[in-house]
Each structure stands twice: as C-alpha cells, then as structure tokens.
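> take this sequence and fold it.
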Amino acid sequence: MNTPISPPQRQRGIALMLVLWVLTLLTVMAVSMTATQRTELALTDHQLAETRWRLASDAALAYTAWQLSQPLPIVEMAEATGVGADDADALLTTEWLPDGAAHEWTFADSSMTIAVFNELSRINLNQADSAQLKALLVALAVPEDDAATLADRIVDWRDPDHLAQLNGAEDDDYQAAGAVFGAKDEPFIAIDELRQVLGITATLYQQLAPELTLAGEGKNVEMEFASATVLAATQGISLEDAQLQQLEQQTPRHQNRGGPLYRVVITASAALTPAPSSTQRMEAVLELTPNQELPYVVHWRRFGGRDAASESTLHDESR
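Numbers count the residues shown, from 1 in each chain. All right, here's what the predicted structure looks like:
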C-alpha cells in the first residue's frame, strides 16, 4: 500500500521545484545577458575601428596634400648644381608624383599605403565627344562597331534632348530592352551611372571607370601622367605603342607634378580595420589651393572596397 505524502513533504517538493525553476530562469537570463554584452562589445569594437580608420584616412589626406604642395627638391638641386635630367629623374624615387606609386606611411602606430594619380589625366565623361569615347572603348578591346554604339548611347544618356544618336539609345530603346528607366538626359553626376547605360556590362564598367573623371572643363587631357589606355584613346595609337611611349617618356617628370586635382587612394593595414584579416580602402579627389588658410579642398571621398569609382560633383568638403 502506498504511503500518502504528508503536507510538509509536499510543500518541500514544491519549494524545490520553485528553486530549480528560478535557477533555470536565472541561468537563461545570465546566458542571454552575456550574449548581449558580447554583441555590444563586438559592435563597439567595430565602431571604434571604423572611427580610427576614418580619422587616419583624414590624416593621410592632409599628409598627401602637404607632400604635393612641397617644392620638388630635385628641381632646386638641378638648378643650383647643374644636375642633368637623367640624374635628376634617378633621384626621384622618394618624391611624391601623381604616377600611382605606392607610398608607405605610418600614423598612430598603424601603417597605410598612399597612391596618388593626376585627376586631369583621365577622360572627362561629361565632356568627351562620341569619337573620343569610341576611341577609349576600342583601346579597351571593344570591337569597333560595338564601341561606336556604346559611345553614342553614353552621349544620349547625358544630352538634354530625346533624339537618338546614329547608334544611340533614348527612352523607347530602354523600354524595349525591359528597363524600368530611360535615358537620363542630364550630365553624369557619378561615374557609376555608367552601369545604367544600355549595353554597359559589369566587366566593361570595371575597365572604363579607372580611365574616367568628372573633374575639369573641356576634352583636353593632361598626357604626362595618363594611363596607356588614355594615351591610346586620345592619340589614336595602339595600346602597345602607348605603353612603349610611357616607357620612353621624354618630358622630365621632375619638372612637373600635374595637379591641382589629384585622385588619392589610401589602403590601411589590418591594424586599422574592423576585421583583422581585411583591408580598408578610401578614395578621394583633393584640390590644392593657393590659400594658406585652406591649403586643400576635398571634393569627394568614398570608403569601401575596390569599386570606388563613384563620385559626386555636388558637394565639396573643405579641409
């Protein structure tokens, strides 16, 4: 026969169950709070790393502007001592020129790489005519007929009328292709608008973007620091001849720094980045000014990966 449970024993059992339930609840709460704190700490670390990187990139821009504003000591040395052009060029290995060379720089115990390019040595997307755009596309190995079509479509995208070029595309052509938009009929405000032009593939965009700019006026390109692709397009020569011309550059670079508009690409080491295995990249256009109180202006900057070709002409950031 089963022995009935006395009231005191029943109460002790209920009390034990309550204790176990409270302990379980407290354990769940502790685990949840620990997970939340870890998440918050991770987010805080990421935000701190992002802030450090942005401040470091600002410092790198200021340092770059200072370097580019300094007189080339080689020129002064050549004038004072009669050093020849060949010898002067040989001494330029440490000088800052807008030729894309990598310059290592350390800021706050973290290293980064700075590369400078002459912005006006690119083709102006808003100013280049159809023939110049076609030549650029041909230099990038686009077949001539396709290049003529794409060049006309680029012009149709930016011109204010609704009349298609010979091989161009206006609103009806975009609708026929299934696009939800038509030709913009206004100037480009960002290079990556090229992605929307009918027929511009992602691969072709990646090839075109580094050769283009929205800065400056007119179709003229400063040749000295231009890429081989731009040289081929603007001079009507083959890419191979343009590459050879770069190697045989006759104008002594120690007499010219290009400018005053420069494209600056800054890449941080892992020490500055949110993820230890990643790298951060910032791309900007700065302009040197004769104003000592405002020695340079940042026209635009973009943080992110290697696809940093998008820029706006609608805002300047004075520094």
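> show me the strands in this structure, by range?
With DSSP state E, the ranges of strands along the chain come out as 99-107, 110-118, 123-124, 212-213, 261-268, 281-288, 296-304, 317-318.
> excluding its backbone neighbours, what's nearest residue 281?
Once flanking residues are discounted, residue 281 sits nearest to residue 267: 5.2 Å by Cβ to Cβ, 6 or more residues apart in numbering. (Glycine included, C-beta is placed from N, CA and C.)
> so residue 261 touches residue 222, yeah?
No - look at residue 261 against residue 222 with Cβ atoms under 8 Å: they stay out of range, at 9.7 Å.
> more neighbours: which of these two?
A count of neighbours by other Cβ atoms under 10 Å puts residue 261 above the other of residue 261 and residue 222, at 22 against 18.
> tell me the contacts of that one?
118, 119, 120, 215, 216, 285, 286, 287, 299 (Cβ atoms under 8 Å, 6 or more residues apart in numbering).
> what bridges to the residue lying closest to the second one once chain neighbours are set aside?
The reference is to residue 119. The shortest distance from residue 119 to any non-neighbouring residue, by Cβ to Cβ, 6+ apart, is to residue 261 (3.9 Å). Beta-bridge pairing of residue 261 under DSSP bridges involves residue 287.
> from residue 215, how far out is residue 261?
Distance, residue 261 to residue 215, by Cβ to Cβ, to the nearest Å: 5 Å.
> shared neighbours of those two, anything?
119, 120, 285, 299.
> so where's the stretch 51-200 of the chain uncertain?
The stretch 51-200 of the chain contains residues with pLDDT under 70 at 73-94.
> got CSV for the shared contacts of residue 261 and residue 215, with neighbour count and distance to residue 96 too?
CSV is the format used below for the shared contacts of residue 261 and residue 215 (neighbours: other Cβ atoms under 10 Å; distance: Cβ to Cβ, whole Å):
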residue, neighbour count, distance to residue 96
119, 25, 15
120, 22, 17
285, 22, 16
299, 20, 19
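> among these, which pair sits farthest apart?
For those, the farthest-apart pair by Cβ to Cβ is 120 and 299; their separation is 12.6 Å.
> before we move on, the earlier item: from the shared contacts of residue 261 and residue 215, which single one is nearest residue 195?
residue 285 (20.0 Å).
> is it true that the closest one touches residue 264?
Yes - with contact defined as Cβ under 8 Å, residue 285 counts as touching residue 264 (7.5 Å).
> and the helices in the stretch 201-319 of the chain?
Along the stretch 201-319 of the chain, counting by DSSP state H, counting those that start in this stretch, helices occupy 202-208, 228-235, 239-247.
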